[in-house]
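S.K.: Okay, predicted coordinates and the sequence, questions at the end:
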Amino acid sequence: MKIVVIGGSGLIGKKLVNNLRELGHNVVAASPSLGINSVTGEGLGEAISGAEVVVDVSNAPSWEDQAVLDFFETSTRNLLEAEAAAGVKHHVALSVVGTDGLLESGYFRAKMAQEEMIKASKVPYTIVRATQFFEFVESIAQFSTEGQTVRMPSAFIQPIVSDDVAAALADYAVEAPVNSIVDLAGPERMGLDELVRRFLVAKKDTRQLITDENSRYYGVLLNQHSLVPLGEARITTTRFEDWLKRTSN
């Protein structure tokens, strides 16, 4: 079948495009760099024409509150309108586990707006909320660094590798829409402080990690379960330690 991947040149998008092509599908990788822009509408109608499934793994170029909201609202509106006109049968969107509890952040308010637009549309959908990626641990640490000190709360996190996210999205894309939210998480639950400490040790990073329950996660004060699934979730298999060994060699 024809499947369009919005954000097809990004971390998840590239892997997802390859996975779906290996399954024999006709896949269109869509991104501004490839001449298909979901915000301006450039090339969008042609790309989506004849598609049965659209998977949106795009991300905003700016996390400034208004900019990120404008991006997700405009992009999602344009996508859903084009999909409705083309008779697309399934809209799959990548979101974040715990989004509705992280609304102190403008980014998560924008993701919530995206989810609500998808739910209100007439296009059948699956919203896949994933936990934080292994590949983002370095930027999480950097955001909370002052000098040689990294401050992190002990709130639980259940991180996932991007390869497993892309594999799960490929499955959801070819399955029937669930018209609901599904959670996706890695196999290990640990404290955010422990996760970052393990990363720093593996990378021989000399910064000192201090557990600080008042430290904020991208501006959000976390409770113990803000970043992990609270109910049923699809659990993947790649462990953080195995990924660290693979990427530290």
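M.R.: Looks like it arrived, so ask away. Not measured: the values here are computed from a predicted model. Numbering: from 1, shown residues only.
S.K.: for the chain, what spans make up the strands?
M.R.: Per DSSP state E, the chain carries strands over the ranges 2-6, 26-30, 53-56, 90-96, 125-130, 145-146, 149-152, 156-157, 181-185, 190-191, 208-211, 234-235.
S.K.: Out of these, which gets nearest to residue 46?
M.R.: Taking Cβ to Cβ, strand 26-30 is the member of these nearest to residue 46, at 9.3 Å. C-beta: built from backbone N, CA, C; applies to glycine.
S.K.: Sheet partners, orientation included, of that closest one?
M.R.: strand 2-6 (parallel) (DSSP bridges).
S.K.: quick one: the strand it pairs with to chain centroid distance?
M.R.: Taking Cα atoms, centre = their mean, to the nearest Å, the mean C-alpha location of strand 2-6 is offset from the chain mean by 17 Å.
S.K.: cool, stretch 44-54 as well?
M.R.: With Cα atoms, centre = their mean, you get 22 Å for stretch 44-54.
S.K.: In it, which of the residues would be classed as buried?
M.R.: Neighbour-count burial for stretch 44-54 flags 44, 47-48, 51-54 (criterion: 16 or more other Cβ atoms under 10 Å).
S.K.: can you list the residues you listed in JSON lines and add pLDDT and distance to residue 68?
M.R.: What follows is the buried residues of stretch 44-54, written out as JSON lines (pLDDT from 0 to 100; distance: Cβ to Cβ, whole Å):
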{"residue": "44", "pLDDT": "96", "distance to residue 68": "20"}
{"residue": "47", "pLDDT": "96", "distance to residue 68": "23"}
{"residue": "48", "pLDDT": "97", "distance to residue 68": "23"}
{"residue": "51", "pLDDT": "98", "distance to residue 68": "26"}
{"residue": "52", "pLDDT": "98", "distance to residue 68": "29"}
{"residue": "53", "pLDDT": "98", "distance to residue 68": "25"}
{"residue": "54", "pLDDT": "98", "distance to residue 68": "21"}
